[in-house]
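give me a 3D structure for the following:
(one chain, ligands or ions: 2)
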Amino acid sequence: MAKYRVLVSDPISEIGVAALESHPDIDVDFIPDLGSKNADKIPGMIADYDAWIVRSQTKPNAELIAKGTKLRAIGRAGVGVDNIDRQAATDHGVIVMNTPTGNTISTAEQAFTLMLATARNIGPAHAEVLKGNFVAARKAYQGIELNGKRLAVLGMGRIGSEFAKRAQAFNMQVVAYDPFLTQARADQLKVELAATPEAALTGADVVTLHVPLTDETKHILDEKSLALMNKGALVINCARGGLIDEPALKAAIESGHIAGCGLDVFEDEPPSADHPLFSLGKHVTFTPHLGASTNEAQENVGIQVAEQIRDFLTTGEIRNAINMPSLDAAALAEVGPYLDLAASLGKLLAKLGPENPDSLRVSYHGPLAQKDTALVSRTALTALLEASRPDGQVNIVNVTSIAAQMGLDLIESTINAATEYNELVVAELRKGDVRYRVAGTIIGKSPRIVEIDRLYVDTNIKGHFLIVRNDDRPGIVGALGTLLGNSNQNIANLSLARNKSDGNALTVIEVDAPLSEELMSSIRATPGVLSATGATL
Ligand SMILES: NC(=O)C1=CN([C@@H]2O[C@H](COP(=O)(O)OP(=O)(O)OC[C@H]3O[C@@H](n4cnc5c(N)ncnc54)[C@H](O)[C@@H]3O)[C@@H](O)[C@H]2O)C=CC1
Ligand SMILES: O=C(O)CCC(=O)C(=O)O
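Residues are numbered from 1 along each chain as shown. Ligands and ions are numbered 1, 2, ... in the order given. Next up, the predicted model:
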């Protein structure tokens, strides 16, 4: 049996499915109509899968995600992830990935087609021709020219920018609103930058929507905003139905203020045949959420999502994650060796640092400071929290929200000051005025712990360790060796450090097996031993 099982519950490209199936560690169940026709079966199945691939028909909600006890990733073959309960996924430690670039052009072309078709009544006129009403339809369906008209683009991301380029070729005057659109980018795209959605809509002849559906963008087009547009304007929506207050749009069309609409998406999908907008006669074009439905887009997103899920399961590479930092192959190669080191530093702090800390600061020195270290810090935090939680409860996806619930801040800092090491990771736990720090580096290819509580040591990052604070005087290391020997504990490595200011020393002994509580008690009772901790890293 393969190591990983993947459920694909919506139709995706066969080439994508094949990319998953060809991996020897992956078994795929491809059930294209599960999400649309048999969603009631998903609760009974989802616990068997490590990853889940969907389009928009399947709705991975909080209940399904909670039932997916093995689930580590949900891949969306497409852009919009509003069908996935992202918070529930994050809380359960499930990565959500999308494929942001695969359907951009197809969707921009669909939206543009809707604008042209709506302006020229293509849909209604076509239906009349089929009914034999050629002559009557010729009189009825006078169109609207786009040349020189003012187009408002709400959402100037990938699709919005592609739409704008095409509109410029039609000599439309483009004004765009997007909170992330800078003046420099607007100049580059040769569009007018609007400071607010209202400013973009005021005096517009056409609006096209290309924003994600969020609490903020829901009903971005409502009675008030539609009223800002020019009389006879057109509304195009190839993003999400919930962006438009549909009854308000209907009223605006019926009043004649808005001439019509071209919609690929609806607030409730599939809409029923008696949807109020369907009874409007002219300048209306409706398509059944076809924005990404081209051979090219489906191949792109199907292959992308399959490869992302495959690589995540088999190599840990994270691409296009929307609920945690991504780490592609190049970045993984750069920081990968530091992940194990960070895990050991986190575990060590869990043993040696203060309980219920206020913050974990992870600092990066040297060239490492210039790299994408977000996942290294998360790994240290995960290892720290794992120590006090049962297996699997905390992972790199949910760790920051769990830490926030505990009132524990994760702070990352980069430090340019030179150290004796080329690169150094310092992890410091703080509670009030109490601080405890450990540090590590990579020497050659070997990760090493090089500092415990500001004393220099040199140990492996994995193994069983005895960490002792003792008086700095002869005989103590010998006594420890005798106690270990009497318990049949073989010493693999020994590292000593002394703190000249307080006359204490630190002794770190790596042994071959975990240290029993009985042995630890004897060690703590040894004269000259100030504290002793056993740690398995
Ligand atoms: N009909 C269909 O089949 C398809 C629909 N879509 C929809 O299109 C949307 C856009 O897709 P992309 O352009 O690829 O995404 P994108 O992420 O490249 O662009 C979205 C843009 O919206 C902007 N934005 C966010 N909040 C905003 C607000 N309140 N006002 C104005 N702009 C805001 C963002 O800054 C971003 O630049 C997706 O979220 C998805 O819902 C995408 C693909 C296919
Ligand atoms: O899967 C689909 O065809 C819908 C695409 C879509 O809406 C998206 O990518 O956001």
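
can you list the residues of the stretch 101-250 of the chain near ligand 1?
Residues of the stretch 101-250 of the chain lying near ligand 1 by CB under 6 Å from any ligand atom: 103-104, 107, 154-160, 177-180, 197, 210-213, 216-217, 238-240. (Glycine included, C-beta is placed from N, CA and C.)

one more pass at 8 Å, please.
Residues of the stretch 101-250 of the chain lying close to ligand 1 (CB under 8 Å from any ligand atom) are 101, 103-104, 106-107, 110-111, 154-161, 177-181, 197, 210-214, 216-217, 220, 238-240.

which among the residues you listed count as buried?
The neighbour count (16 or more other CB atoms under 10 Å) marks 103-104, 106-107, 110-111, 154-161, 177-178, 181, 197, 210-211, 213, 217, 220, 238-240 as buried among these.

show me those residues that map onto helices.
Judged by DSSP state H, the subset of these located in helices is Thr104, Ser106, Thr107, Gln110, Ala111, Arg158, Ile159, Gly160, Ser161, Pro197.

how much space between the second one and Asn295?
I take that to be Ser106. 9 Å (CB to CB, to the nearest Å).

follow-up on the earlier one: quick check: the farthest pair among the ones in helices among the buried ones among the residues of the stretch 101-250 of the chain next to ligand 1?
Greatest spatial distance among these (CB to CB): Ser106 and Pro197, at 25.5 Å.

can you pull out the helices in the stretch 151-300 of the chain?
158-169, 183-189, 197-201, 223-227, 246-255, 295-315 (DSSP state H, counting those that start in this stretch).

in TSV: those helices, plus mean pLDDT.
Shown next, in TSV, are those (pLDDT from 0 to 100):
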stretch	mean pLDDT
helix 158-169	98
helix 183-189	95
helix 197-201	98
helix 223-227	98
helix 246-255	98
helix 295-315	97
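
Asn490: which of the ones in helices among the buried ones among the residues of the stretch 101-250 of the chain next to ligand 1 is nearest?
Out of these, the member with the shortest distance to Asn490 (by CB to CB) is Arg158, at 59.6 Å.

surely that closest one meets Asn103?
No. Contact status for Arg158 versus Asn103: not in contact, 9.3 Å apart, counting by CB atoms under 8 Å.

how about the secondary structure of Asp502?
Using DSSP: H, G, I helix; E, B strand; the rest coil, the structure places Asp502 in coil.

surely Arg5 forms part of a helix?
No. Using three-state DSSP, the assignment for Arg5 is strand, not a helix.

what subset of the buried ones among the residues of the stretch 101-250 of the chain next to ligand 1 is also close to ligand 2?
Among these, ligand 2 is touched by Asn103, Thr107, Ala239, Arg240 when using CB under 8 Å from any ligand atom.

which of those residues lies closest to Glu246?
Arg240 (12.1 Å).

from Leu221, how far off is the residue nearest to the closest one when sequence neighbours are not counted?
Counting by CB to CB, 6 or more residues apart in numbering, Arg240 lies nearest to Leu213, which is 3.8 Å off, once chain neighbours are set aside. Using CB to CB, Leu213 is found at 12 Å from Leu221.

got any residues that touch both of the two?
Common neighbours of Leu213 and Leu221 (criterion: CB atoms under 8 Å, 6 or more residues apart in numbering): Leu243.

count of neighbours near the residue lying closest to Leu34 once chain neighbours are set aside?
Spatial nearest neighbour of Leu34, chain neighbours left out: Ser9 (4.0 Å); criterion: CB to CB, 6+ apart. By the criterion of other CB atoms under 10 Å, Ser9 has 28 neighbours.

in this structure Ser9 contacts Lys59, no?
No. Using CB under 8 Å, Ser9 makes no contact with Lys59, being 10.0 Å away.

any shared contact partners between these two?
Gly35.

domains in the protein, by residue range?
Under automatic domain parsing, the residue ranges defining each domain of the chain are 4-101+296-315, 104-286, 326-461, 463-537.

ok, back up a step: residues contacting the residue nearest to Leu34?
Counted by CB under 8 Å, 6+ apart, Ser9 has contacts Ile31, Pro32, Leu34, Gly35, Ile42, Trp52, Ile53, Val54, Gln57, Thr58.

relative to Glu246, which of those residues is nearest.
Gln57 (20.8 Å).

what's the distance between the closest one and ligand 1?
12 Å (CB to the nearest ligand atom, to the nearest Å).

what about that residue, which SS state?
coil.

correct me if wrong: it contacts Pro32.
No. Taking contacts as CB under 8 Å, Gln57 lies outside contact range of Pro32: 9.2 Å.

okay, and the common contacts of these two?
Ser9, Asp10.

higher neighbour count, the two?
The residue with more neighbours, out of Gln57 and Pro32, is Gln57; 19 against 16, by other CB under 10 Å.

which pLDDT value belongs to the more buried one?
For Gln57, the model assigns a pLDDT of 94.

ok, it - contacts?
Per CB under 8 Å, 6+ apart, neighbours of Gln57: Ser9, Asp10, Gly35, Ser36, Asn83.

and of those, the nearest to ligand 1?
Asn83 (9.8 Å; CB to the nearest ligand atom).

need the per-residue pLDDT for the closest one.
Asn83 is given a pLDDT of 95.

which residues touch it?
Val54, Ser56, Gln57, Thr58, Lys59, Pro60, Arg76.

which SS class is it?
coil.

give me phi/psi at it?
Dihedral angles of Asn83 (phi, psi; degrees, to the nearest 10) stand at phi -80, psi -10.

could you say which helix or strand contains the residue of the chain found nearest ligand 2?
Residue of the chain nearest ligand 2, by CB to the nearest ligand atom: Gly78 (2.5 Å). When elements are assigned from DSSP states H and E, Gly78 belongs to no helix and no strand.

can I assume Leu537 is in contact with Gly463?
Yes. Checked against CB under 8 Å, the pair Leu537 and Gly463 is within contact range at 6.3 Å.

follow-up on the earlier one: quick check: the residue nearest to Leu34 vs Ser56, distance?
Taking CB to CB, one finds Ser9 at 11 Å from Ser56.

same question, Tyr456
Counting by CB to CB, the gap from Tyr456 to Ser56 is 56 Å.

neighbour count winner among these two?
Ser56 (22 against 14).

what's the local residue count around the closest residue to Ala47 other than its chain neighbours?
In this structure, Ala47 finds its nearest non-sequential neighbour in Thr69, 5.1 Å apart by CB to CB, 6+ apart. Neighbourhood size, Thr69 [other CB under 10 Å]: 12.

just confirm Thr69 is within a strand.
No. Thr69 is assigned coil when assessed by three-state DSSP, not a strand.

ramachandran angles for it?
The phi/psi pair for Thr69 (degrees, to the nearest 10) is phi -70, psi -20.

check the one 4 residues further on too.
According to degrees, to the nearest 10, the main-chain angles of Ala73 amount to phi -150, psi 140.

so what's it bridging to?
Partner residues in beta bridges with Ala73, using DSSP bridges, are Ala51, Ile95.

please tell me I have it right and it contacts Asp311.
No. Between Ala73 and Asp311 there is no contact under CB under 8 Å: 10.4 Å.

between those two, which one's more packed in?
Ala73 (23 against 17).
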